[in-house]
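Engineer: Next come a sequence and a model predicted from it.
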Amino acid sequence: MKRFGVGMAAMLVVGFTPIWFWRNMSAVAYLIAILLLVAVEFFGAIGMGAQRWLEIGPVRIQPSELMKIAMVMFLAAYYDWLPPERVSRPLWVLVPVVLILLPTFLVLTQPDLGTAVMLVMGGGIVMFAAGVSLWYFGTVIALVVALVFTVME
């Protein structure tokens, strides 16, 4: 019952916080999540053959889970800031791709393929919702299919 009460209180605080606050804090959340992912490499606790957790006092956290939320928030803030006519320009598409691939690489070193795929998919969904040209998605899908067929042979 205590956990339910704490969860309900946290939900109300998050729900009543103005959206501009979350948009402004998204870069900070992304940077903190990146730093925590880097910290896992040096100070991470090993469990079940993987190094994915950080022990901060009595709490054991998995920074890759925080990154899922922080990355989506930061990409949404990026596309909110970006003028619509620039959404599909190559340079402006490269920025979110780097923002997606950096944490994905850090998560893959833990190793955690499932979370890495979720990061790529979450970032791709935000890019799709922002209106990035479908040609980019088609190119990436074709490259992945070609890579799979190359590896299979």
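Structural biologist: Looks like it came in fine. Numbers count the residues shown, from 1 in each chain.
Engineer: what about the longest helix in this protein?
Structural biologist: helix 19-43 (DSSP state H).
Engineer: For the nearest residue to Val87 once chain neighbours are set aside, what are phi and psi?
Structural biologist: Nearest non-adjacent residue to Val87, counting by C-beta to C-beta, 6 or more residues apart in numbering: Gly131, 5.0 Å away. Quick note: C-beta positions are derived from backbone N, CA and C, even for glycine. Dihedral pair for Gly131: phi 100, psi 20, per degrees, to the nearest 10.
Engineer: mind listing the helices for the chain?
Structural biologist: Assigned by DSSP H, the chain shows helices spanning 2-16, 19-43, 63-81, 90-108, 113-130, 134-152.
Engineer: out of the ones you listed, nearest to Trp53?
Structural biologist: helix 19-43 (7.4 Å; C-beta to C-beta).
Engineer: ok, back up a step: which one of the helices of the chain is the most hemmed in?
Structural biologist: Of the helices of the chain, the one with the most neighbours on average (mean count of other C-beta atoms under 10 Å) is helix 63-81, at a mean of 19.
Engineer: Centre of the chain to that helix, how far?
Structural biologist: 6 Å (C-alpha atoms, centre = their mean, to the nearest Å).
Engineer: Stretch 96-115 too?
Structural biologist: For stretch 96-115, the distance to the chain centre is 8 Å (C-alpha atoms, centre = their mean).
Engineer: Contacts for that stretch next, please.
Structural biologist: Contact with stretch 96-115 is made by 30, 33-34, 37-38, 40-41, 44, 50-52, 64-65, 67-68, 71, 74-75, 78-79, 116, 119-120, 123-124, 126-127, as judged by C-beta atoms under 8 Å, 6 or more residues apart in numbering.
Engineer: hang on, the earlier thing: helices or strands up against the longest helix of the chain?
Structural biologist: strand 50-56, helix 63-81, helix 90-108 (3 or more C-beta pairs under 8 Å, 6 or more residues apart in numbering; DSSP states H and E).
Engineer: circling back to that earlier point, to Ile56, which of the helices of the chain lies closest?
Structural biologist: Closest among those, using C-beta to C-beta: helix 19-43, at 9.2 Å.
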